[in-house]
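Visitor: next come a sequence and a model predicted from it.
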Amino acid sequence: MITLSVVVGDGRKYLIHHRSLQSIGGNLLNSATVSDLQPVFLALDAMLHVDNAVKGERTLPYRDVIKSMPPLKGLDPTDVLIYVTLPFTKQGDHVMFYKQPERRGFDTSYVNAVTVMSFQPGSDVIEDIHFTFGGKCFQPVVKIQALQQEMAGKCWSLSLVTTVLKSIGNLLDNRTTVTKDARHVAMAQAFKFMFAIEETISGKTDPNGPSALSTVDYESTRVFDPVGPDQPPEDAIRRPIPHSSALQMTCGEAVYLDDMPRSEGELYAGLVLSTRPHARIKDVDVTKAIALPGVTGYVDHQDVPGKNLWGCAIQDEQAFAETEVKCCGQIIGLVLAEDRQVAQEAARHVTVTYEDLPAILSIEDAIREKAFYTEELAKASHCLR
């Protein structure tokens, strides 16, 4: 077994207040994450080993824990995650990871996949096959094991590619949360895996398939001015200076907002956002929201001391919409509660009554309504010229 320690410092890594989301434990147990580790540990049948002063040491399959996020099934807020174990792969196992970020490089995964195929030792007879998909488009993480019964016992050949892709496509079609684009990316990753298996087993690929296997090694671009031999070492001019937080970030010790433990008496806020691009606010009914257990109050523009305005260069935006909203997502108010989920749920119970106003959503609309920059606005100091 491979043991990966995730305990930091004095070992107090609570499952609700993670010490660091960049650590293995904090990453795996953060229900909101799109971590690349989640599908990997799920695909490889990871086991979580936790300890508790009352319940004692316990071992939980990660697949059971991640299914219920949130909350984390089988875990107590006072549990401590000691370590995570992964089984060794055996001869005939093929495990590969694919990642499709939203932009070039190592950005957050749009879709990632962990593909596993096992052969009977010393043969090309399939023993097991499953695909696990994660990323922003697969929340929660999806593990497809239905192919195992269909493929077990068959000898490997490229003719199986069509069968596998068709089966994956049908299974993903039944998931309403998976978009059409995400489905195509997931199937492309499965396609690459199948051709990689062919290359591993036979040592060659189909003439039309090599591009499916091509990978790109990304490297950051760094350009430094040369430093003369006579320049003193303490002189920082032209020398690359590490960012002050670089060591903390790379070592997983940087403290982010989610890493900070909750303070006594701290409340959570659920945002009440506009659902109209341009409308007049006629009424805001918070009765149902306030009645929910754990909700402590509601605040809006009437509760702001002083001016209800903010802005980086010029304070000309309302912190809370007062009588009119000018975009979808504009903040109308906040529901305060003792729990994050309760605050978010209560915010959805706030009923806002609107009177829709004309909205200019395109250049054609602006021309038709003659909504042009005026000469006075063009002369403003904060306008681009």
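Guide: It's in.
Visitor: can you tell me the closest non-neighbouring residue to F320?
Guide: Nearest residue to F320 in three dimensions, chain neighbours excluded: H301, at 4.0 Å (CB to CB, 6 or more residues apart in numbering). (Each C-beta comes from the backbone N, C-alpha and C, glycine too.)
Visitor: quick one: that neighbour and E324 touch, right?
Guide: No. Contact criterion CB atoms under 8 Å: H301 and E324 do not qualify, at 11.4 Å.
Visitor: spit out the residues that contact the two alike.
Guide: Shared contacts of H301 and E324 (CB atoms under 8 Å, 6 or more residues apart in numbering): none.
Visitor: still on that earlier bit, the residue nearest to F320 and I314: what is the separation?
Guide: 19 Å (CB to CB, to the nearest Å).
Visitor: what is the mean pLDDT for stretch 294-312?
Guide: Mean pLDDT, stretch 294-312: 93.
Visitor: whoops, stretch 242-258 was the one
Guide: On average, stretch 242-258 scores 84.
Visitor: in it, what counts as buried?
Guide: For stretch 242-258, burial by neighbour count (16 or more other CB atoms under 10 Å) applies to 252-253.
Visitor: again, but for stretch 346-353
Guide: Result for stretch 346-353 [16+ other CB under 10 Å]: buried residues 346-347, 349-350, 352.
Visitor: how long is that stretch end to end?
Guide: Terminal residues of stretch 346-353 are spaced 17 Å apart (CA to CA, to the nearest Å).
Visitor: quick one, longest strand in this protein?
Guide: In the chain, taking DSSP state E as the definition, the longest strand is strand 109-119.
Visitor: contacts made by the next helix or strand after that strand with the rest, please.
Guide: Of the helices and strands lying after strand 109-119 in sequence (DSSP states H and E), the nearest is strand 126-134. Outside strand 126-134, the residues that touch it by CB under 8 Å, 6+ apart are 34-36, 38-40, 42-43, 92, 109, 111-120, 141-145, 147-148, 151-156, 164, 168, 186, 189-190, 193.
Visitor: strand 126-134 to strand 109-119, inter-axis angle?
Guide: In terms of direction (axes from the mean of the first three to the mean of the last three CA atoms, to 10 degrees), strand 126-134 departs from strand 109-119 by 170 degrees.
Visitor: the very next helix or strand once past strand 126-134 pairs with which strands?
Guide: Using DSSP H and E, the helix or strand that follows strand 126-134 towards the C-terminus is strand 142-144. Here strand 142-144 has these sheet partners by DSSP bridges: strand 126-134 (antiparallel).
Visitor: average pLDDT for the partner strand, rounded please.
Guide: 90.
Visitor: what's the answer for stretch 347-361, then?
Guide: 92.
Visitor: pull the distance from that stretch to the chain's centre.
Guide: 29 Å (CA atoms, centre = their mean, to the nearest Å).
Visitor: show residues contacting that stretch.
Guide: Applying CB under 8 Å, 6+ apart, the set of residues contacting stretch 347-361 is 270-272, 274-286, 288-289, 292, 298, 324-325, 332-335, 365-366, 369, 371.
Visitor: what's the local residue count around V80?
Guide: Per other CB atoms under 10 Å, the neighbour tally for V80 reads 18.
Visitor: again with T179
Guide: 13.
Visitor: how about M47?
Guide: Quick note: M47 (other CB under 10 Å) scores 17 neighbours.
Visitor: tell me the secondary structure for the closest residue to it other than its chain neighbours?
Guide: Nearest residue to M47, sequence neighbours excluded (CB to CB, 6+ apart): T85, at 4.8 Å. Recorded secondary structure, T85: strand (DSSP: H, G, I helix; E, B strand; the rest coil).
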